[in-house]
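**Q** My questions concern the predicted model and sequence given below.
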Amino acid sequence: MTPSWTRRGVLHAAGGAALALGAAGPAAAVPRAPSAPTPAATAQATAEDYAALRAVWRDLVLGAGFSPTAEPFATRLRELGTEAAGHLAAMAPADGSLWPDLAYADPEPDKDTESYGYSARLVDSYARLRTMAEAYVRTGTGLTGDPALATGILAGLDHLHDTAYNAAQPPYGNWWSWQIGAPQRLLDLCVLMYDDIPAGRLAAYCAAVDHFVPDSAVASYTGTSTGANRVDLCRVLALRGVVGQDPAKTALARDALSPVFPYVTAGDGLYTDGSFVQHTYVPYTGSYGAVLLGGIGLLLALLTGSPWAVTDPARQIVLDAVEHAWAPLIHNGLVMDGVSGRGMSRGVMLSDPRGIQQDDHTRGHGILASVVLLAEGASAAERARWRGLVKGWMRRDYYSPVLEDRTLSLASLAWLAGVQNDTSVPAAVHPPGHRLFAAMDRAVHRRPTWTGSVSMASRRITHYETGNTENLRGWHTGSGMLYWWGDSYANGQYSDAFWATVDPYRLPGTTVSAKRLADAAGGDWGASRPAVDWVGGTTDGTMAGVGQHLRGLGSTLQAKKSWFFVDDTVVCLGAGITCTDGTAVESVIDNRNLGASGVHPLTVDGIAAPAAAPWSAPLTGARWAHIGGFGGYVLGGTTGVRGLREQRTGRWSDINKTCATTPVTRRYLTLYADHGTDPVNASYAYQMLPGADAARTARRAADGSWMQVLANTGDVQGVRVPSAGFTAANFFAAGTAGTLTASAPCAVMVRERGDGTAVVCVADPARQATSVTVTWNRPVAAVLSRPATVTSAATGGSLRLTFGSLTGAAGATQRITVRLG
């Protein structure tokens, strides 16, 4: 089945409304309206203009230029025909339903969970009709032009209109179903079946859309009409104008896009640091962001060359965001779960008759297709770079090959195949570097052979998002969860039924109270935000110091956590770990998903631990540990370490009520620090070495000079790595760490370089510093560059930097370059 272009379909079917574009080959162009007039007054639009736009949208939805007899298209087309035939055979129009298993009439219409279910089934009913329409108009389905299928589609459209989606019906359940889900699918159907639908029925369908999506839906950029939602609404209005030949509607859609483009400083949208937030408090680059990216790509492709072309120069912000906002969060074709909100809980959806699991790779593949689409409206240089990025991601995605992804549409497969087969496009390499997304409390660290990411929470960003009975146990994903993937290993770590089977109290990197929490604890839509401000860090773009003042969800737990990203290592510090819940508190060093049958060996100080599950034991006095196939851990400085090998069974429905109830089982190997019950000022200090073998891990553990912990308290955490010229400290309060002193809370990092210069990076993660003085007790001859926020700089036997207010810097790094003395 080709997923319909709705957020719900997008998030189920791997991201980005732009998944609907096909390509003829390496030089294929986005469909354009032929001989379209120069933009002018909308009143001058003609019937030919609308016919051209319908043709463009049809090509965007169906794709073009691929052979229906070539694989994987031939098989997918046959499957589409089989699915459509099944829908036709099962159709049984009745009062309140079109199919017996999709009753949409709500006996007690309101906004409760049950009503949400009824409105969702209305959307699903339109989705089935859309699948049938694709089978009718596509070649190779076995049902192309089938009269009985056409009759069924038209009868279904009439039935849904007459019994539910009409101008007299008040909405119930989820607003999204009525304003986005149903009308997007309905309008796609109107385009695909345009020549078969009588004019009177088209007018009635348009009147229904006008009823549920009036012009006032985009009158102000607030509420549910922001970010990805606004783009979705613009798509509805644009297609409503095309189907109903209403120039004012299409013009409104174009104009209503403009508020989406500019950077924001709060709430929904893109931030200057590359963050993307939806629902005010939720990092959402990987799902709502994918909808925004793909939706804008579709609308630009539809309207370019028409009287309603999008000419707002601010659209360049979205184009810039491909490399600034989306690319850093993609690793080998997957998009990180830490920026996918409740979407990470959507595994095997009940609404998918194929039972295909969605995951970080399938979501990422949709973004790849969106990037290819958007590239056609970008500059030649941008297009070349983006296609190279996509080819590189595709080539490196060994775990989930992109062109084998059955969640992608046929058109998307063709478009991506065009990139893969384009010999003029070199595959971009995996880029090293560090990105700190201060506006969404996320950090990403890239090395040549691995990538890591940290998810945190603050007064600005939620612990996690639940809603619509989804992501019911994501409670601790913002408690310092540390994700990591190798270059050619461990790329399925969070893809292979991880969220359905992992212990939600033992997510890697987190510090957590064992206090039991109810499903959806903390409230829906990002309501669970801790009353803390110091979350963030500072970076020079290569290395970084990142920190979090942690307050537990529904808990008395408090802690200070820091991650220092240095070369091949993440140095992890925790201190001030205090709790009065009456339960145990643990810091999870790592929790590796071994798959359904993995027997990865655990070696501790050179001795093999038991390989059979279940197994649990204290690792008293252990200096290092190594997990075969993953990496090493230097444990010195951490007490109470335990190892655990277990087999866990769960169901996707445990964490998402819209998902399958089939049990799935995976094996896990966990290392964690047990701080005991109600700890007071507990701490930990360990190093994580992704990809290291046991010998290298042992050498690091024996090398006490490689890294020095300068401080690890509730006030200051800092480290020094001489071989990297790296010194960094997170000052949660004024204090000193080695050669660094700060007069107020801030994050400081120094990188000494081989050319006699150094870079000093300072940030105010709490966004509360009206003035701060940072002293580096190291001879400095001169300040070579400094930002305007530095009000004075003294050199000599030490460097003394005084900053004015950093409250308006939004946690961004202030970079100073000096010549060493």
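**A** Ah, there it is. Just so you know, these numbers come straight off a predicted model, no measurement behind them.
**Q** Show me which residues of the strand ranked longest in the chain are buried.
**A** Of all segments of type strand in the chain, defined using DSSP state E, the longest is strand 663-677. By 16 or more other Cβ atoms under 10 Å, the buried positions in strand 663-677 come out as 664, 666-675. All C-beta atoms are positioned from the backbone trio N, CA, C, and that covers glycine.
**Q** Likewise for stretch 262-277?
**A** 264, 268-271, 273-277.
**Q** and that stretch, what's its mean pLDDT?
**A** The pLDDT scores in stretch 262-277 average 97.
**Q** returning to that earlier point: packing partners of the longest strand of the chain?
**A** helix 498-501, strand 584-595, strand 624-627, strand 641-651, strand 682-690 (3 or more Cβ pairs under 8 Å, 6 or more residues apart in numbering; DSSP states H and E).
**Q** okay, the buried residues of strand 663-677 in JSON lines with distance to residue 387 and pLDDT next?
**A** Formatted as JSON lines, those follow (distance: Cβ to Cβ, whole Å; pLDDT from 0 to 100):
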{"residue": "664", "distance to residue 387": "37", "pLDDT": "98"}
{"residue": "666", "distance to residue 387": "36", "pLDDT": "98"}
{"residue": "667", "distance to residue 387": "39", "pLDDT": "98"}
{"residue": "668", "distance to residue 387": "39", "pLDDT": "98"}
{"residue": "669", "distance to residue 387": "39", "pLDDT": "98"}
{"residue": "670", "distance to residue 387": "41", "pLDDT": "98"}
{"residue": "671", "distance to residue 387": "41", "pLDDT": "98"}
{"residue": "672", "distance to residue 387": "43", "pLDDT": "98"}
{"residue": "673", "distance to residue 387": "46", "pLDDT": "98"}
{"residue": "674", "distance to residue 387": "50", "pLDDT": "98"}
{"residue": "675", "distance to residue 387": "50", "pLDDT": "98"}
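**Q** roughly how far apart are the most centrally placed residue in the chain and residue 338?
**A** Centroid-nearest residue in the chain: residue 286, 2.1 Å away (criterion: Cα atoms, centre = their mean). Residue 286 is 8 Å from residue 338, where distance means Cβ to Cβ, to the nearest Å.
**Q** measure stretch 503-523 end to end?
**A** 21 Å (Cα to Cα, to the nearest Å).
**Q** In stretch 466-480, which residues are buried?
**A** Residues of stretch 466-480 classed as buried: 466-480 (neighbour count, 16+ other Cβ under 10 Å).
**Q** For residue 209, state which of those residues is nearest.
**A** residue 468 (23.2 Å; Cβ to Cβ).
**Q** wait, what's in contact with residue 556?
**A** Neighbouring residues of residue 556 by Cβ atoms under 8 Å, 6 or more residues apart in numbering: 513, 579-581.
**Q** residue ranges with poor pLDDT in the protein?
**A** 1-43 (pLDDT under 70).
**Q** change it to 80
**A** Judged by pLDDT under 80, the chain has its weakly predicted residues at 1-44, 64-65.
**Q** For it, give the helix that spans the most residues.
**A** Longest helix of the chain, by residue count under DSSP state H: helix 113-137.
**Q** Who are the packing partners of it?
**A** Checked by 3+ Cβ pairs under 8 Å, 6+ apart, helix 113-137 has helix 7-12, helix 47-62, helix 73-90, helix 147-163, helix 182-192 packed alongside it.
**Q** Can you measure across stretch 718-726, start residue to end residue?
**A** Start-to-end, stretch 718-726 (Cα to Cα) is 11 Å.
**Q** To clarify, my last question referred to stretch 400-412.
**A** End-to-end distance (Cα to Cα), stretch 400-412: 16 Å.
**Q** Show me how far it is from its chain's centre.
**A** Here the centre of mass of C-alpha atoms in stretch 400-412, compared against the chain's by Cα atoms, centre = their mean, to the nearest Å, lies 19 Å away.
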